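In: model the following, please.
(chains A and B)
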Number of protein chains: 2
Amino acid sequence: MSKEIRQHIERIVPLTDNEFDFVLSHFTPKKFKKHQFLIQESNYVPHDFWVIKGLVKAYHSDIDGKEHIMQFAMEDWWVTDYQAYFNQTKATLNVSCLEDTEVLCLSLENRDKICAELHKVEHFFRKKSNAGFVSLQRRILSLLNSNARERYEQFLVQYPNLLQRVPKTLIASYLGVSRETLSRFSSL
Amino acid sequence: MSKEIRQHIERIVPLTDNEFDFVLSHFTPKKFKKHQFLIQESNYVPHDFWVIKGLVKAYHSDIDGKEHIMQFAMEDWWVTDYQAYFNQTKATLNVSCLEDTEVLCLSLENRDKICAELHKVEHFFRKKSNAGFVSLQRRILSLLNSNARERYEQFLVQYPNLLQRVPKTLIASYLGVSRETLSRFSSL
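Out: Next up is the predicted model:
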């Protein structure tokens, strides 16, 4: 697992062995079973999670119990309720496992500490946040601008691996379209 | 103008006079008239813009010429086509002035340079990017989860100042609702 997170970080910034050991010592590994929750609405959010193995969904449940998917996260992706994590407020999202999942947990305190100690790590997280920002802007544009079929096709291109692992109902929810609409142009 | 950007940065990280002068020397001031473009679709995007004074809209024009508003930016806000800016690709957005506007321009090269030279500046931009990421996630949830009236009410609470300065048609476009729908519950 340490090899994978090192590769993940070093795609943006190379680290010496000592630097990497220092960084890694601020993460805690944790395992969850399918259907278990990493984060539950109304609770505080102590960690950001980097997925070693598995698949999770981050979602908001509305008053009718309908799920709105904020994001999925599989191997090599980060996930948490970022609003609650960064602002140290209570979660408005749930994060739960679609498969058995192993993660590395990073507290906000430890994130800020490794960023303060190692400029390179601050650089890494700035670049990751910029990339995340861009991908959210694309999604907003897609929600404003594209019809259901176009959104689905963009999803296929962007996340071909997710398609095999995520139930269609959840993809529909992620895209903001009904399950029935999705069936009309999805072959499955 | 240098006072304002210094205050803006120092809300996150204090700078010495020398540090601030170094940072500021990497920005270029520029003035635009109402209706002028800061960025035009299909062009490269050399700068991120920090608004000193004025108001701009960043938007995508679809094939029918309909405008989809990605963001507004007034005093103290940043705006560009971030996808094109960070990836050095051609713009898919336009940014144009709703009022006469003064900005400070920051090239990607200069941004990376001041981040590399001053750890504090990298910290500043990481924090800004995190905050931007959180606000985009909130907007996505609002697009997935909220009806037109709720979105409008969230907008009022979040951006009371914009309401006075932005035409209702553009607010409707930002919210992803029709102008007619907006009229039904907006008093103007």
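In: pull out the buried positions in the worst-scoring helix or strand of chain A on mean pLDDT.
Out: Lowest on mean pLDDT, DSSP states H and E among the helices and strands of chain A sits helix A:179-185, with a mean of 87. Buried positions in helix A:179-185, judged by neighbour count with 16 or more other Cβ atoms under 10 Å in any protein chain shown: residue A:182. In short, each C-beta sits where N, CA and C put it, glycine included.
In: try stretch A:116-130
Out: Neighbour count says stretch A:116-130 has A:118-130 buried, by 16+ other Cβ under 10 Å.
In: those in strands, which ones?
Out: Within those, no residue falls in strands by DSSP state E.
In: the most centrally placed residue in chain A: what's it in contact with?
Out: Note on chain A: the residue nearest the mean C-alpha position is residue A:79, at 2.9 Å, using Cα atoms, centre = their mean. Counting by Cβ atoms under 8 Å, 6 or more residues apart in numbering or on different chains, residue A:79 touches A:38, A:48-49, A:51, A:56, A:58, A:71, A:73, A:95.
In: residue A:9 now?
Out: A:15, A:20, A:23, A:121, A:124.
In: what's the farthest-apart pair in the residues you listed?
Out: Based on Cβ to Cβ, the longest span within the contacts of residue A:9 runs between A:20 and A:124 and measures 11.5 Å.
In: now the strands: where do they sit in chain A?
Out: Going by DSSP E, chain A shows strands at A:28-32, A:37-39, A:47-53, A:55-61, A:67-74, A:78-79, A:94-97, A:101-107.
In: out of the ones you listed, nearest to residue A:149?
Out: Short answer: strand A:67-74, nearest of those by Cβ to Cβ, at 18.4 Å.
In: and that closest one with strand A:55-61, angle?
Out: 160 degrees (axes from the mean of the first three to the mean of the last three Cα atoms, to 10 degrees).
In: could you give the separation of strand A:67-74 from the chain centroid?
Out: 7 Å (Cα atoms, centre = their mean, to the nearest Å).
In: would you mind measuring from the closest residue to residue A:172 other than its chain neighbours to residue B:184?
Out: Distances taken as Cβ to Cβ, 6 or more residues apart in numbering or on different chains put residue A:182 closest to residue A:172, at 4.3 Å, once the chain neighbours are dropped. Noted for residue A:182: a distance of 29 Å to residue B:184, by Cβ to Cβ, to the nearest Å.
In: got the residues of chain A near chain B?
Out: Contact residues (Cβ under 8 Å from any Cβ of the partner chain) of chain A with chain B: A:60, A:62, A:68-70, A:82-83, A:86-87, A:92, A:115-116, A:119, A:122-123, A:125-126, A:129-134, A:136-141, A:143-145, A:173, A:176.
In: only the buried subset of the residues you listed, as a ChimeraX command please.
Out: Burial among those is assessed by 16+ other Cβ under 10 Å; the matching ChimeraX selection reads:
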select /A:60,68,69,70,82,83,86,92,115,119,122,123,125,126,129,130,131,132,133,134,136,137,138,139,140,141,143,144,145,173,176
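In: what about the helices in chain A?
Out: A:2-10, A:17-24, A:82-87, A:108-117, A:119-145, A:148-158, A:160-165, A:168-175, A:179-185 (DSSP state H).
In: in TSV: these, plus distance to residue B:7.
Out: As requested, the helices of chain A are exported to TSV (distance: least, Cβ to Cβ, whole Å):
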stretch	distance to residue B:7
helix A:2-10	34
helix A:17-24	33
helix A:82-87	22
helix A:108-117	23
helix A:119-145	22
helix A:148-158	39
helix A:160-165	43
helix A:168-175	39
helix A:179-185	48
